[in-house]
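Asks: From the sequence below, what's the structure:
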Amino acid sequence: MPRLVPCLLLLLLTVQSPAADWAQFRGAGAVGVSTETAVPLQWSDTKNLAWKLALPGKGFSSPIVVGDKVLVTCYSGASGDLSGLKRHLVCADRNTGKLLWKKDVPSQATERPIPSFGGAHGFASHTPTSDGERVYVLLGNTGVLAFDLAGKQLWRQDVGSESASRFGSASSPILYKNLLIVTAGAESESIRAFDAKTGKPAWKTEARSLNRTYSTPVIAKNAKGVDEMVLSVTFETWGLDPMTGELNWFAGTEVDTNAVPTVVVNEGIAYVIGGRSPGGRAAIRLGGTDDVSKTHVLWSKTGGSYVSSPVFHKGHLYWVNDRGVGFCVDAKTGEEVTRKRIGGQFYASMLLLGNRMVAVSRFGGAHVFEAGTSFTEVGRNRLTDASDFSGSPAIAGNRMYLRSDRFLYCVGAK
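Replies: You can find the predicted model right below:
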């Protein structure tokens, strides 16, 4: 059992995001699903491109949409000794693409260079989150910051700078009631919670196994209707109390080496994929106490996804892995239904958009598939931008928002 050291501080205010917003990584529930039916599924530089905005730097983070604003993070100055490293929070008008404001945050702690192999994500891989009043960003060793939606910095808190992981950090912050929860595995082998309004520390949970955890936690209800925070870590999945950070249960998995994809929960079952090739996948019923590996693991198989997270649709799990292979897996049994070579390399997570699935490759455009077990491709969209598209799409209304290393794009009728 992992050694956890929780420090408790319970608070009571609840904050919520408007339903139409896409206010965190992979949208509401972090499931990567939208029921919108009017989003164009064909686009190019000259077709269904409402606007594009030049970005001040690179990044693997995904855009979020809050009211009439689109927000995304970037970084620049990552050459040499990293003394010039800056992160940027960019806010654009959702409808016009006009730059509303930009905040430049110089590095405020010693940064560890990321090795050239496995380090393409750089220093802006954390997707912001918002409660509709404030936007929150994790900026690695520089800490976690809160801004109001006019761009005023409200608070900053340190989350450690030990650089426990040689590959940097990537987990995105999430909100739960009055708390902002941050997985700072790379920074300090910890998970931390802060009062979202004031930044006051609420609790801290430490464990060495977090140093290779890049997954974003999710909040879901178990069979008793109790909220749990579910997180994939190396070789295990955890269920924690989101108000205290206490570990409720853990289950062994085959997510080896690095835990990157986010867990997807459907009807009280957590579906976990991850690890380097071949990695693993598992289905775990929420709830239980201590080690639930023998009581709550419904199935566990070899073969997963190293980076991209799955979607759940009509009893099946879908993803395209970093080697460009699409997978469809039966959610009841874990058995592989379809394996199909798509080609290219994929870091962005799958998006279920109505009756279509969208998979954005790093350099080969966006593939559109029927939402079925055959992975039938019905479209492919490419822009002349040859930079890296590794952020996952965001959906709001009848528009899709994409980011590359150079631009923020809005796909939709002008």
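Asks: just for the stretch 251-400 of the chain, where's the confidence low?
Replies: Within the stretch 251-400 of the chain, no range satisfies pLDDT under 70.
Asks: which residue packs closest to H296, ignoring adjacent ones?
Replies: Of all residues not flanking H296 in the chain, R285 sits nearest, at 4.4 Å (CB to CB, 6 or more residues apart in numbering). Any C-beta I mention is one placed from the backbone N, CA and C, and that applies to glycine too.
Asks: Thought S293 was touching that neighbour, still the case?
Replies: No. In terms of CB atoms under 8 Å, R285 does not count as a neighbour of S293; the distance is 11.7 Å.
Asks: Near G343, how many residues? Count them for me, please.
Replies: G343 has 13 neighbours, counted by other CB atoms under 10 Å.
Asks: mind listing what it touches?
Replies: Listed by CB atoms under 8 Å, 6 or more residues apart in numbering, the contact set of G343 reads 324, 364.
Asks: any idea how far it lies from Q42?
Replies: Note on G343: its distance to Q42, by CB to CB, to the nearest Å, is 20 Å.
Asks: Which parts of the stretch 301-414 of the chain are helices?
Replies: With DSSP state H, counting those that start in this stretch, there are no helices along the stretch 301-414 of the chain.
Asks: At which residues are the helices of this structure located?
Replies: In the chain, the helices defined using DSSP state H lie at 185-188.
Asks: Strands of the stretch 1-150 of the chain, start to end?
Replies: Secondary structure of the stretch 1-150 of the chain (DSSP state E, counting those that start in this stretch): strands at 33-34, 49-54, 64-66, 69-76, 86-93, 99-106, 129-130, 134-138, 144-148.
Asks: actually the stretch 301-414 of the chain, not the one I wrote
Replies: Per DSSP E, counting those that start in this stretch, the stretch 301-414 of the chain carries strands over the ranges 311-313, 316-320, 325-330, 336-341, 351-353, 356-360, 366-370, 377-381, 394-396, 399-403, 407-411.
Asks: quick one: contacts of the fourth one?
Replies: Outside strand 336-341, the residues that touch it by CB under 8 Å, 6+ apart are 303, 316, 324-330, 373-375.
Asks: By neighbour count, which of those residues wins?
Replies: V329 (26 neighbours).
Asks: Chain neighbours aside, what residue packs nearest to that one?
Replies: Nearest non-adjacent residue to V329 (CB to CB, 6+ apart): L317, at 4.5 Å.
Asks: now do P217
Replies: Nearest to P217 is L231, by CB to CB, 6+ apart, at 4.2 Å.
Asks: The one you found touches L247, doesn't it?
Replies: No. Look at L231 against L247 with CB under 8 Å: they stay out of range, at 10.1 Å.
Asks: got any residues that touch both of these two?
Replies: By CB under 8 Å, 6+ apart, L231 and L247 have these common neighbours: 238, 240.
Asks: In terms of neighbours, single out the busier of the two.
Replies: More crowded of L231 and L247, by other CB under 10 Å: L231, with 27 against 19.
Asks: What residues does that one make contact with?
Replies: Listed by CB under 8 Å, 6+ apart, the contact partners of L231 are 183, 191, 213, 215, 217-218, 237-238, 240, 263.
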